[in-house]
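1. take a look and give me a structure for this.
(2 chains)
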Amino acid sequence: MASKMANDVKSFRVASFFLQQRLIIILFLLIVSMFVAGEFVSKGFLTSYGHICSVLRSASFLGIVSIGQTIVILTGGFDLSVGPLVTMGNVFTCMLIKGIDSNTPWALAIIIFLGAMFGFFNGLGVAYLKVPSLVMTLAIGTLVTGITLLLSRGAPTGLASPILRYVGVGSLLGLFPVIILIWIMLSAFFVFLLRSTTFGRKIYYIGANEKAAFLSGVKVNFVKILAFTISGAGAASTGALMAGYTHDAFFGIGDNYILWSIAAVVIGGTSLAGGKGGYVGTIAGAIILVLLESLLTVMRMPEAGRRIANGLIILILISIYFMGERRRT
Amino acid sequence: MIERQRDLRLYIPVYSIFIAIYVFAGILEPTFFTWKNNANLFTRITPLILAGMAQSFVLLSGGIDLSIGAIIGLSSAIAVSLPFVDTPLNVVMWVLIPPLLGLSLGLINGVIIAKGGFNPLVVTLATGAIWTGVTLFIMPVPGGSVSLSIARTIPGTIFKVIPTPLVIFLVFVFICHFILRRTEFGRSIYAIGGNESIAYESGIPCTRVKILVYGMSGLLAAFAGMFLSAWMFCADALIGDPYILNSIAVAVIAGTALEGGRGGVAGIIGGAYIFLLISNILNLLAISSFYQFIARGLVLILALSLTSSGATLDIRGILVRYFLPRRSSMSEIGK
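-> Alright, predicted model coming up:
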């Protein structure tokens, strides 16, 4: 009898787990089916380990930028400064390191500090001046672009150091790409942070109902500023990591990340109104975006078709999410 | 009356900053005041004003439109791809087809957003990507041409004195201001932007108004695209990209709040001029163009902190929170 009840409880738990996580399960099924579809178009899309790694490697840069974007969107804001900050991290890293290993640690520290500082400014404006995050981060982003251009005098110089190269393109034991391992560790940390710490719960409260959160004693401004600071630091360090991937710096490198990071978060099922969603979905979103790009490249789709496909997939996914929400209410 | 006072409070800062910057530029470089330079400025500012007004309509209703750039690109690509160049038929098609196209693209945005209840940011981001894709299919490389008469008139002059762009933007700003202030449609936009559920309760057809707002935005964006096509004499699929964020910046500098319901288009000329003249002045001072981004960012932050709702930095609140005994922080809650 008791064992039957325990069994029932267990199967109930399993069922409710699947019900809660069905969106994420669907997203990962979508990823698998995209890989399988790719295999039909071009041999080796799914079966070649190297190709899977290269897709995940590109996705890891997008994924790391999207950590901060996810947190900011969960609080009910947006961060449009991630693009300029990625570029800034990329350009400054190469400038400071100049291809020498011993320069790497302090250069990375400076980059992360700069990113966190601009993120902090974003947070100050949003929290205390009550400027809508969309324009505040737009303004700070413009400022960052200017500073990057000014300090590099419009022509990026320098190279990534061998250590950074190893992080960007190397593999541990020749098998596990380092950047993917870093992404996995960061993901585990931030999923834990969002789900199991008071800071994470506060982020969800603020996104769901800012006033109620304030009245229950959450330091709304502090949490918001911290969210933007994390986003800024994450974006700048992504730029630094990308220097290891591309070897030298390039000005347009961050441009796509503004909209891609938001798209990854949205595809991952996080509500743009804030307070609902999480980072696991964003991981799937980042992989889907990169995979779609790779799939369309293999299909020799011109730029025009790629844009249309990107737009359509976002429209289709959000309409599916909203349909589901409406049925529940 | 109250409304007029509120308008003045909103527009006096914009236009006084504009005049200050304008005079400053003139002191730096006397030729700045010449008619020729001003005529040139009118041409450069017109697409910015049109795009800024397109964004203002949407922002006032509490939404946002990131597909403006794509609509500008597509309408200018269509405007230069029309057949029978240099015949009256081409001119007629040039006048009719791009605006209709922009209007219908905007209405599609509106239908998806208002009927589906989706987030406007994501929807216009996605539709913008789709339309840029379509534009790239039509025009993979920059090209095309417009009738000579259009290219002469639109960036040129009327009766050899009055610059056409000046007439164009004054007429458009007047019409848009009239629509916002004197029509039921305009009033409804403010009501929806202020508080949508109250607007709905008071019998405003929210869905229809929102669809029309995005249609209006598409229409104005298409006019901006047409103007660019006439000015450039050709088109490029990505010509509209800078206007996505610039239109938001100009609308905000002109005093329109991003939360919706506050602002208008009467300040848009000043806003666009401030945005444009900053880079102009830096050029006059022979300062490296890299500073232009920094200056634009700073001006935007300044404008934001002056126009946002939390602008009056809550000094009393900060004092209460950090410097007074803990008990009094309860007074925060009463607000």
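2. now the helices for the stretch 101-250 of chain A?
-> Taking DSSP state H, counting those that start in this stretch as the test, the helices found in the stretch 101-250 of chain A are A:104-127, A:133-152, A:162-169, A:178-196, A:198-208, A:210-215, A:220-246.
3. so what touches the third one?
-> The set of residues that contact helix A:162-169 without belonging to it, under C-beta atoms under 8 Å, 6 or more residues apart in numbering or on different chains, is A:57, A:93, A:97, A:99, A:101, A:104, A:160, A:177-179, A:182, A:240-247. In this view, the C-beta of every residue, glycine as well, is placed from N, C-alpha and C.
4. can you rerun that using 10 Å?
-> A:54, A:57, A:61, A:93-94, A:97, A:99-105, A:107-108, A:159-161, A:170, A:172, A:177-179, A:181-182, A:240-247 (C-beta atoms under 10 Å, 6 or more residues apart in numbering or on different chains).
5. what residues does the stretch 1-150 of chain A put near chain B?
-> A:78, A:80-81, A:84, A:121, A:125-136, A:138-150 (C-beta under 10 Å from any C-beta of the partner chain).
6. next, count neighbours for A:Ala212.
-> 11 (other C-beta atoms under 10 Å in any protein chain shown).
7. output the helices of the stretch 101-250 of chain A as TSV; include the columns mean pLDDT and distance to B:Ala272.
-> Formatted as TSV, these follow (pLDDT from 0 to 100; distance: least, C-beta to C-beta, whole Å):
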stretch	mean pLDDT	distance to B:Ala272
helix A:104-127	91	23
helix A:133-152	87	16
helix A:162-169	81	43
helix A:178-196	90	41
helix A:198-208	89	35
helix A:210-215	86	33
helix A:220-246	91	29
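8. what would those look like in JSON lines with distance to A:Ile262?
-> Shown next, in JSON lines, are those (distance: least, C-beta to C-beta, whole Å):
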{"stretch": "helix A:104-127", "distance to A:Ile262": "15"}
{"stretch": "helix A:133-152", "distance to A:Ile262": "11"}
{"stretch": "helix A:162-169", "distance to A:Ile262": "24"}
{"stretch": "helix A:178-196", "distance to A:Ile262": "17"}
{"stretch": "helix A:198-208", "distance to A:Ile262": "15"}
{"stretch": "helix A:210-215", "distance to A:Ile262": "20"}
{"stretch": "helix A:220-246", "distance to A:Ile262": "12"}
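9. what's next to stretch A:91-110, contact-wise?
-> Contacts for stretch A:91-110 (C-beta under 10 Å, 6+ apart): A:89, A:111, A:114-115, A:147-149, A:151-152, A:155-167, A:236-237, A:239-244, A:246-251, A:253-254.
10. wait, A:Ala127 sits on A:Thr229?
-> No: if you go by C-beta atoms under 10 Å, A:Ala127 and A:Thr229 don't touch, sitting 11.1 Å apart.
11. for B:Ile192, helix, strand, or coil?
-> helix (DSSP: H, G, I helix; E, B strand; the rest coil).
12. run a quick neighbour tally on it.
-> Counted with other C-beta under 10 Å, the neighbours of B:Ile192 add up to 25.
13. immediately after the strand or helix carrying B:Phe24, which helix or strand?
-> B:Phe24 belongs to helix B:2-28 when assigned by DSSP states H and E. Per DSSP H and E, the first helix or strand lying C-terminal to helix B:2-28 is helix B:35-60.
14. residues of that following helix that come out buried?
-> Across helix B:35-60, burial judged by 16 or more other C-beta atoms under 10 Å in any protein chain shown covers B:39, B:41-43, B:45-60.
15. how many other residues sit next to B:Ser16?
-> Quick note: B:Ser16 (other C-beta under 10 Å) scores 11 neighbours.
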